[in-house]
Every structure is written in C-alpha cells, then in structure tokens.
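> fold the following for me, if possible:
(one chain, ligands or ions: 2)
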Amino acid sequence: MIVAETSVPLPADWRDLFALTKPRVMSLVVFTALCGLLASPAHIDPVLGFTAILCIALGAGASGALNQWYEADLDAKMKRTAKRPLPSGRVDRQAALHFGVGLAVFSVLMLGLATNWLAAAILAFSIFFYAVVYTIWLKPNTPQNIVIGGAAGAFPPLLGWAAASGDVSTLPALLFAIIFLWTPPHFWALAMFVRTDYAAAGIPMLPVTAGLRATRAQIMGYSLALAAAAVAPWALGLTGAIYGLAAVVLNGAFIVLAARVWRNRATEPAHMRPEKRLFAFSILYLFILFGALVADRLLIA
Ligand code: HEM
Ligand SMILES: CC(C)=CCC/C(C)=C/CC/C(C)=C/COP(=O)(O)OP(=O)(O)O
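Numbering: from 1, shown residues only. Ligands and ions are numbered 1, 2, ... in the order given. A predicted model of the protein is given here:
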C-alpha cells in the first residue's frame, strides 16, 4: 500500500469501513435474523436464504455507518467511542455518508428482488428507525431514547421470518417483543458504568438524568416483563419443550442478575460488578434463547 503524505483524505481502508458497520453488534442481528428465518414454517431456497441474511447484515451495517456519520463529534467526546474511524480521522465524513446511503439502498433493493417487498419494506423502516428516529431525534432528546429506539434492533427476527414466508404472525411478533424488552436492561446496565462519558457528551441517558437507583429499578421491571414475553411462545404452544426449558432457565438467571443490580448501591464503576455481569450475560442470553428456538424447530417439529 502506498502511504502518501498529504492532507487530502485517502480512500478508507476496508477495515475502517468494516468497523463503520458495528460488526460485533451486527453478529447478534445476523444471528437473530437467521433464527427468525429458520423458525418460519415456510421453506426458502438456501441461496435465497443466504442472500436475505446478507442483505439484513448489510442493512444493519448501513444504519451503523449512518449513526456514526451523524455522531462523529459526539463519539470524539467519549472514551469508549473516540477511537472509531470517524473521530480518529481514518475515514472522511462524506465517505461515511455515501457508504451508509449506498449500502442502505443496495441492501433494501436486493432483499426485495431476492425475497419479497414486505421484508424489504421492514428493512428500510428499521434502517430509517435506527439512523433517523433513534440517532437524530430520540437519542439527544429523551432518556426514553433506547426504549423506543430499541425497536430498530428488534426487527431482525421479524425480517428473517418475513423474508422466508412473506408474512408476519404471532411468533415473530413475540420475538420482536423479546428483543424490544431485552434492550433496556442490556443497554442501561452498560450505560451505568460509562455514564460519566454520556454526561460529558451531553446525551440524556437514564442513569444521567434519573440517577442510578431509578435506572436499577427500571432494569428490574423490564427484566420481569422480558421473562413474561420470553416464556409466552412456549406457554401459547407456539414452540416445544427445548425452547420452553431454555426460556425458563435463561430468564431465571436474568432475573437473579437483575435483582443483584437492583440491590447494588455502588456509584463507582469499579464496584459495578453486577451491572457488568448483567450486560455480558444479556448478549449470551439472546444467542442461547434464539438458538434454542431453532433447535426446537429442527429437532421437534
Ligand atoms: C437502542 C438499543 C441498543 C443500544 C443503545 C445498544 C448499545 C450498545 C452499546 C453502547 C454497546 C457497547 C459496545 C459497543 O460500543 O459496540 C453494545 C454492545 C452490544 N450490543 Fe447493543 N445496544 C442496543 C441494542 C442491541 C440489539 C438490538 C442488539 C442485537 C440484537 C445488540 C447487540 C449488541 C452486542 C452483540 C454487543 C456486544 C458488542 C461487543 O462485543 O462489544 N444491541 N450495545
Ligand atoms: C437495519 C437493522 C436491522 C438495524 C438494526 C440496528 C441495530 C442493531 C440497532 C440496535 C441499536 C444499537 C446497536 C444501538 C447502539 O447504540 P448507540 O448507537 O447509541 O451506541 P454508541 O454510543 O455505541 O454509538
């Protein structure tokens, strides 16, 4: 590679463009979309199924890039995000915008052509919801930002299901509800131990505006609601015993960890072990719960 000494921005390295898509978050998006696709009773040709998942991944990546395009200045103010490609100057802002818009249009059109236009419309709506409704409107303006904005991240299983079957029914709607109710404990647990970052950047996250005690109580409340939504597919007879067992065990563990957070009175990140554990477990939880759903479908049905 030629390294030129110039102030003109160089074409971005592919690794920086890849980082713009928030690949680690995308891994769970891809996984839950794949589970939605496999849980659907409809049969989809494997090549089309692969294309659908690729399009969903690209769409999620596009929204991540647009989010970082808009938030470059904010990201520069927070330790956790300051090294991202835009605040560190490795990618030009205009290039990030073009990359995000291009990827968004391409992924929606490809998904529509490869599967159906219901799935493509939901993908377009999810990208819009994360990049515009959450990032531009809700995040800087209300501490309920992630409760409403979290809906964007709840669409992937619905997308996978719609791509395979062309419709949406009770089970995918419950899968949406699970991720929707999972997002507040997932995020607020993390936001508690990095809250000084958010305060410095002027973002009204709940731990900053309402305090730690109120946030801990909200985490407990959402964890109980999450348990009800997660057990519902089995209680309603929409899944079998493998999923039912996984849902009961995982939500039992989730509630125990949330209760430890609730009881914790620490104000310093160094003493927020329960919060750190709940955040880490939240990710594992979703992987295992959705994995169990597919195992249930493939082994029992
Ligand atoms: C508005 C809703 C959400 C907010 C505000 C949020 C926020 C965050 C933040 C700030 C991190 C820290 C790590 C990082 O900077 O990459 C994180 C990690 C993560 N999130 Fe979320 N998240 C949300 C919803 C979701 C959803 C819906 C998913 C997938 C279904 C998800 C999957 C993940 C994963 C897999 C990680 C771990 C990444 C790593 O290893 O660092 N998140 N989330
Ligand atoms: C098209 C499609 C399926 C989209 C799914 C997008 C998705 C997974 C959204 C979840 C929201 C998310 C990762 C927020 C990160 O918060 P933030 O942006 O406030 O975090 P930051 O402080 O790390 O930038």
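> which pLDDT value belongs to L298?
At L298, the model reports a pLDDT of 89.
> helix, strand, or coil at the closest residue to it other than its chain neighbours?
Computed as CB to CB, 6 or more residues apart in numbering, the closest residue to L298 that is not its neighbour in sequence is L38, at 7.3 Å. Where you see a C-beta, it was placed from the backbone N, CA and C, and this is true even at glycine. State at L38, reduced to three classes by DSSP: H, G, I helix; E, B strand; the rest coil: helix.
> so Y198 touches L206, yeah?
No: counting by CB atoms under 8 Å, Y198 stays clear of L206, with 9.5 Å between them.
> start to end distance for stretch 229-247?
10 Å (CA to CA, to the nearest Å).
> now do the buried residues in that stretch.
229-234, 238-240, 242-244, 246-247 (16 or more other CB atoms under 10 Å).
> those: which ones sit near ligand 2?
Among those, proximity to ligand 2 is found for none (CB under 6 Å from any ligand atom).
> pick the one among those residues closest to ligand 2.
Nearest to ligand 2 among the buried residues of stretch 229-247 is A229, at 17.8 Å by CB to the nearest ligand atom.
> what sits against the closest one?
By CB atoms under 8 Å, 6 or more residues apart in numbering, the residues touching A229 are L174, A177, I178, L181.
> closest to ligand 1 among these?
I178 (10.0 Å).
> that closest one touches L226, doesn't it?
Yes: using CB under 8 Å, I178 is in contact with L226, at 6.8 Å.
> and the residue nearest to L298, how far from ligand 2?
17 Å (CB to the nearest ligand atom, to the nearest Å).
> could I get the contacting residues of that residue?
Contacts of L38 by CB under 8 Å, 6+ apart are G160, V294, R297, L298.
> tell me the spacing between the second one and A60.
If I follow you right, that is V294. 19 Å (CB to CB, to the nearest Å).
> so between the two, which is more surrounded?
Per other CB atoms under 10 Å, whichever of V294 and A60 has more neighbours is A60, with 31 against 18.
> which parts of the protein belong to which domain?
12-166, 169-300 (the TED database).
> can you list those in a markdown table and add distance to ligand 1?
Below are these laid out as a markdown table (distance: least, CB to the nearest ligand atom, whole Å):
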| stretch | distance to ligand 1 |
| --- | --- |
| domain 12-166 | 2 |
| domain 169-300 | 4 |
